[in-house]
Every structure is written in structure tokens, then in C-alpha cells.
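Participant: Let me see the structure of the following:
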Amino acid sequence: MKHTLINTMAILAIACLVSCSENQNTETTTKSYKAVVADSVVFKTLPEVELLDYNKRSKELMLHDRQSNEVVIINQEGEEISRFNPHIEGPNYAGDQTFGWTFFGEDTVVGYGYHHFHLLSKQGERIKRIPYPVEPEGWAMLDYNPKMLFDLSVNTKEIIALIPGINGFRSKSQAYHDSIKVVYKINLETEIGTPVMHKTPDGLHRSLGEYVDRGFPSMIPLEGGKVAQIYHADDKIYIWDSNQNKLITKLAIPEPHKPDFDKIPFDQKGSPDRFKINANIYRTKDHILLYSLDKIPESVFDNLTETVERWWESDELEQLHRQYTKTNLLLFSEEGFLGEVNTDGLGEYVFYNGESTNEDFFWVQRTYNDERDYRTFLKVTIVED
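Facilitator: Numbering: from 1, shown residues only. Predicted coordinates:
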């Protein structure tokens, strides 16, 4: 599927006020940009792999082997550095499934398990387990593959984690949006977790008064402990100082790219249609990249799953993607919107849920319509068109 993307199928993941100055950038002159391939890494492997993380310190990439369920680390020459399976019972067992991995420093990795975070060596040997700062309850469906775990900074012992726990409140309620904290900063030395970056009182989910979605954020770390945060339906990018848990600014998403959705009363059954969402957020050294997605509405997708056998491999699904699916990559600085990015030169690709980088590029995974015995990862930079 061209330019799309991160699965349209929902994936399973663990479930469970501050003042600011809003960016009022009224600048109407924007520039055109394009994504250019600066370099690539080719890894010789037959099974499908997924790019999980990039280590800006050791210049290594972390992959997930979908066939063996192993974590694989390679260098920028495509050579395998290590391979381990954290899902096999034993001293390094992290559970049957994990819900995210991140490099931590040069020689360690952190995995997101059912009940603990797992600090392992780069060879997959356990260093310690860190309990969740909250008791998770139940499951939540997270779509578009948000990155739930990342290393906050090379100078700290902290990670940021999205823990969509549902404790004591129905997720389809105003009280849930007003009260439930889902983002935590966790110190791996003290094992203390602190809730941070909660929805602001004037943000969409706390001011709309009706239901659009559960309001789980996507995030990306910036330099100096700052974090950029988006929600699928909100028309702002929120930039936080995670050290002080202080909202620094809000960047307005330009009108043609603002989320488009229906809404329903909290007590009404079903889910409203969403037509355009903020699907994910990425970054380079100086820029923030917002991935905006025109998507198949929920009611149309539900009708497909109810009426078409093996819908996930059907021609009907492909037709719906051609009819509805469109992606836009939008470029921002920390001051405001800069312009749209033309990605035609990348061919078919899947975005990588990238980590903080002080280099002026981001990664995407090249995809192919035919079977190959290698996987290609592209180092992409943004230039004026």
C-alpha cells in the first residue's frame, strides 16, 4: 500500500495544569519541501522485519524479526551485532509479547512487557526489571502503531512511557479525559514513575464535551528534555518541558490539515467516524514532522469487516484505500508551520517511530510488492523543493 502505512488494523497494547503561551503564528508564506534519500542500510534477511529504533550514539538500528519474534540489532553497514528472543521463558524472559523497545545509552535496551519494563544488555541479558508506576487494568486498542516507550535523554536515567491504564473510569466519559493520567516519566535507577504531560483543560478532549476517541497521545522527544505531543483529533502540537512538567507552547496545525471527525454523546454506543487524523509525529535535528492521514471512516471499515470474508486481503479493502487513504507530511519548527513535504521520491515506505536525534535526518523502511531476501532502511533528509 503506497505511503501507508502504519497498519490500518488496530493493534493490541497494554491497557490498563499548567499555563502556557499558544503559538499564534499567522505567517501565511510557507515554503515547499521534499524528502530526499541521503543514505540507506541493506540488511540481508529473508523474514519480514520491522524497524523499532535508532541509536544516535552507537549508530545502530534495532529491528523486530516478525517470523522468529527476535530483537535484532544491526550497524549502518547492515551487519548483525546481536540477536535475542525476550519471549522465551528463562532468566531473560520479558513475557510472551512486548509493546515497544528503545535503546538506552550505548549498550542497553529497554523493553515494555506486560507488568514490567525490562532493562537488558544489547545481547539480551537481563539487568533489572522495573515495575509499572500504576496498576494496569484491562486492555486498550491502540491504532496507527504509536511509539509507547522512548529514551528521554542521554544525560538522564529516565524513560517516557505511554501506559493507557483504565482504572475506575469508563474511557467513554468526560471524567476519564479530565482525570486519568497515561504518560509517565520513569527513573530506571530509583524506579519511581511520575505522571507528566496530561491533557490541558482547553485541549480538545477536555473542552469538546462529547466523544471522538480515547485520546491517547503520540510523542517524540526533542532536545533538552522537551517532548512534542499530538492527539489524533486535536488541531495543535503540544511542546512540553518534561523535566518541569510544563507546557511551553502549542503549534497550530494549518486549516487544510486539521483533523476532521464526527462526535457523539458520551452515553451513546458506537464510535464516531474520523476522516482525517494526526497519525504520528517524527523529528530531525531542527524540525518536527507531522504525519497527517486521510483514513477510511470507522463506519465504512466496520461494514467491510462484517460483509466481506477474509477482508484483510480483499480487493474491497484495496479499493477503500484507493478511495479514502491519503497521507501528508507537514514540516514544523518549534515556532510554527513551515510547509508541506513532497515524499514522492521515497517510493513505497513505512515510517519509523523515531527517537530523538541530533542529526538532520529520519529513518523510513522501504517496502516492496515482491518477495526479497533483504530489507532496506532509508536515511531521509528534508530540503527545500
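Participant: From here on, just use CA atoms for contacts and neighbour counts.
Facilitator: Will do.
Participant: give me the low-pLDDT residue ranges for the stretch 151-300 of the chain?
Facilitator: 153-155, 166-169 (pLDDT under 70).
Participant: in it, which spans are strands?
Facilitator: 158-162, 183-187, 193-195, 218-221, 226-230, 236-241, 246-252, 260-261, 274-283, 288-294 (DSSP state E, counting those that start in this stretch).
Participant: I'd like the distance between M197 and L162.
Facilitator: Shown here: M197 relative to L162, a distance of 11 Å by Cα to Cα, to the nearest Å.
Participant: any residues in contact with both of those two?
Facilitator: Residues touching both M197 and L162 (Cα atoms under 8 Å, 6 or more residues apart in numbering): V183.
Participant: returning to what we had before: dump the strands of the stretch 151-300 of the chain into a markdown table; add distance to N342 and mean neighbour count as well.
Facilitator: Converted to a markdown table, the strands of the stretch 151-300 of the chain look like this (distance: least, Cα to Cα, whole Å; neighbours: other Cα atoms under 10 Å):
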| stretch | distance to N342 | mean neighbour count |
| --- | --- | --- |
| strand 158-162 | 31 | 22 |
| strand 183-187 | 32 | 22 |
| strand 193-195 | 37 | 19 |
| strand 218-221 | 22 | 26 |
| strand 226-230 | 22 | 22 |
| strand 236-241 | 21 | 23 |
| strand 246-252 | 21 | 21 |
| strand 260-261 | 22 | 16 |
| strand 274-283 | 16 | 24 |
| strand 288-294 | 12 | 22 |
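Participant: Now distance to E384 too, for those, in TSV please.
Facilitator: Putting the strands of the stretch 151-300 of the chain into TSV (distance: least, Cα to Cα, whole Å) gives the following:
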stretch	distance to E384
strand 158-162	33
strand 183-187	35
strand 193-195	39
strand 218-221	23
strand 226-230	23
strand 236-241	23
strand 246-252	21
strand 260-261	28
strand 274-283	16
strand 288-294	14
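Participant: Of those, give the one that comes closest to L331.
Facilitator: Evaluated over the strands of the stretch 151-300 of the chain, closeness to L331 peaks at strand 288-294, with 4.9 Å, by Cα to Cα.
Participant: centre of the chain versus the closest one, how much separation?
Facilitator: On the basis of Cα atoms, centre = their mean, to the nearest Å, strand 288-294 is displaced by 11 Å from the centre of the chain it belongs to.
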